[in-house]
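Undergrad: Here is a sequence together with a model predicted from it:
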Amino acid sequence: MENKKPGSGDKGVHKGGSFRPDKNRPRHFHPPRPPFRRKESVVHGTQESLKMEKPAKAEAEVKLAPKPTGWIGTDESGKGDYFGPLVVAGVYLEDNLLPQLRQLNVRDSKKISDSVIKDLDFRLRSICRYSVVVIGPEKYNLLYSRMKNLNRILAWGHARVIENILLQVDAARALSDQFGDEMYIKNALMKLGKKIRLEQRPGAESDLAVAAASILARAEFLNRMDALSRECGIILPKGASPQAEEVARKLVEKLGKENLEKYVKMHFRNTAKVLSLPPQKEEPATQS
């Protein structure tokens with residue numbers, strides 16, 4: 001066997017027969033090949049497309065906010081009643097709720113009995129967004145002493161329920177029954193209400209939102225009248241008839257005239273009759 005000198009062609013092969021790199025031999029490096037990547041498919045609406053589509057935030061900035069489709073109806077109860085509060089209610093209504101209100105036979109509260117009113121009040125409160133503002137007799141008398149005008153008090157109440165509902169939901173317009181100068185409500189509206197389109201017309205209760213508001217207002221008036229009757233121990237009548245004057249005289253006899261303002265609207269003509277005339281004595285029943 002031929003002996004090979006050190007440094008011959010077998011350089012780099014050690015005794016075990018395996019290859020050992022020569023430290024002195026120059027090395028040649030190739031840049032690493034980039035890993036193979038499969039193109040991602042774009043399928044709109046699925047997770048695979050999230051990296052390829054624009055961020056959701058950017059899309060939301062482009063979309064316009066939907067225009068409000070609902071409207072507000074307002075109405076009041078108690079303005080013609082000597083005893084009790086003045087109540088103003090507002091209801092926000094959208095087209096999708098109309099079938100439910102028609103099924104409940106919602107209509108002007110003046111055409112509904114008191115017992116049915118209370119049941120409808122409960123149902124409407126569970127369906128609609130609403131606001132009810134109660135101006136009790138004492139507060140009413142204070143406002144009247146300052147404003148000297150019932151229509152201004154009404155406008156203040158209507159404006160408050162509109163503002164309260166606008167804090168909950170956006171609305172395109174508001175509708176109410178017309179009373180006095182139409183500027184009363186417009187002037188009473190604040191920042192949110194100034195942006196809404198306000199409509200006033202006679203017989204607005206034909207609109208379901210206004211009709212629903214009339215029911216809420218009437219039901220609240222009846223509940224407050226019951227509470228005032230329990231408080232004074234006398235059943236207080238509705239309206240401003242001579243019967244109301246008789247009950248007011250009994251109230252003055254029992255509690256004193258200084259407490260009358262807690263139960264009645266003092267600017268009504270009934271007050272002058274109650275305070276200026278002595279209580280009428282009941283005549284004995286005639287024997288037949």
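TA: Yep, it's here.
Undergrad: give me every residue that touches the residue most central in space within the chain.
TA: What sits nearest the mean C-alpha location of the chain, by C-alpha atoms, centre = their mean, is Ile165, with 3.5 Å. Contact analysis of Ile165 by C-beta atoms under 8 Å, 6 or more residues apart in numbering lists 72, 90, 92, 129-131, 171. No exception for glycine: its C-beta is placed from N, CA and C like everyone else's.
Undergrad: Show me the strands in the stretch 101-250 of the chain, by range?
TA: Ranges of strands within the stretch 101-250 of the chain are 129-135, 173-177, 197-201, based on DSSP state E, counting those that start in this stretch.
Undergrad: what's the closest of these to Leu275?
TA: Closest to Leu275 of the strands of the stretch 101-250 of the chain is strand 129-135 (C-beta to C-beta; 22.6 Å).
Undergrad: Can you name the residues in contact with that closest one?
TA: By C-beta under 8 Å, 6+ apart, strand 129-135 touches 85-92, 124, 143, 153, 157, 160-161, 164-165, 168-169, 212-213, 216-217, 220, 224.
Undergrad: what do you get for stretch 92-99?
TA: With C-beta under 8 Å, 6+ apart, stretch 92-99 has contacts from 69-73, 101, 127-130, 165, 168-169, 171, 208-209, 212.
Undergrad: Just the buried residues out of the contacts of strand 129-135, in ChimeraX syntax.
TA: Remark: buried members of the contacts of strand 129-135, expressed as a ChimeraX selection using 16 or more other C-beta atoms under 10 Å:
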select :85,86,87,88,89,90,91,92,124,143,153,157,160,161,164,165,212,213,216,217,220,224
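Undergrad: Which members of the contacts of strand 129-135 are positioned in helices?
TA: Among those, DSSP state H puts 124, 143, 153, 157, 160-161, 164-165, 212-213, 216-217, 220, 224 in helices.
Undergrad: could these be laid out in CSV, adding pLDDT and distance to Ser276?
TA: Converted to CSV, the ones in helices among the contacts of strand 129-135 look like this (pLDDT from 0 to 100; distance: C-beta to C-beta, whole Å):
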residue, pLDDT, distance to Ser276
Leu124, 97, 43
Leu143, 94, 25
Ile153, 95, 25
Gly157, 94, 31
Arg160, 94, 35
Val161, 96, 37
Asn164, 95, 41
Ile165, 95, 43
Ala212, 97, 42
Ala213, 97, 38
Leu216, 98, 37
Ala217, 98, 32
Glu220, 98, 33
Arg224, 98, 28
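Undergrad: nearest to Gly203, of the residues you listed?
TA: Taking the ones in helices among the contacts of strand 129-135 together and measuring to Gly203 by C-beta to C-beta, the closest member is Ala213, at 14.1 Å.
Undergrad: isn't the closest one right up against Ser77?
TA: No - assessed by C-beta atoms under 8 Å, Ala213 is found out of contact with Ser77, at 9.6 Å.
Undergrad: any idea how far the closest residue to Leu192 other than its chain neighbours lies from Val264?
TA: Among residues not flanking Leu192 along the chain, Leu166 sits closest, at 4.2 Å (C-beta to C-beta, 6 or more residues apart in numbering). From Leu166 across to Val264, the span is 33 Å (C-beta to C-beta, to the nearest Å).
Undergrad: Then Gly256?
TA: 13 Å.
Undergrad: Compare neighbour counts for those two and give me the winner.
TA: Val264 (26 against 9; other C-beta atoms under 10 Å).
Undergrad: okay, now the domains of this protein?
TA: Under the assignment automatic domain parsing, the domains of the chain span 71-226, 228-275.
Undergrad: Tell me which of those domains is the most buried.
TA: Mean neighbour count (mean count of other C-beta atoms under 10 Å) peaks for domain 71-226 among those, with a mean of 19.
Undergrad: Show me whatever sits in contact with both of Ala213 and Ser77.
TA: Taking C-beta under 8 Å, 6+ apart as the criterion, Ala213 and Ser77 both touch Ala89.
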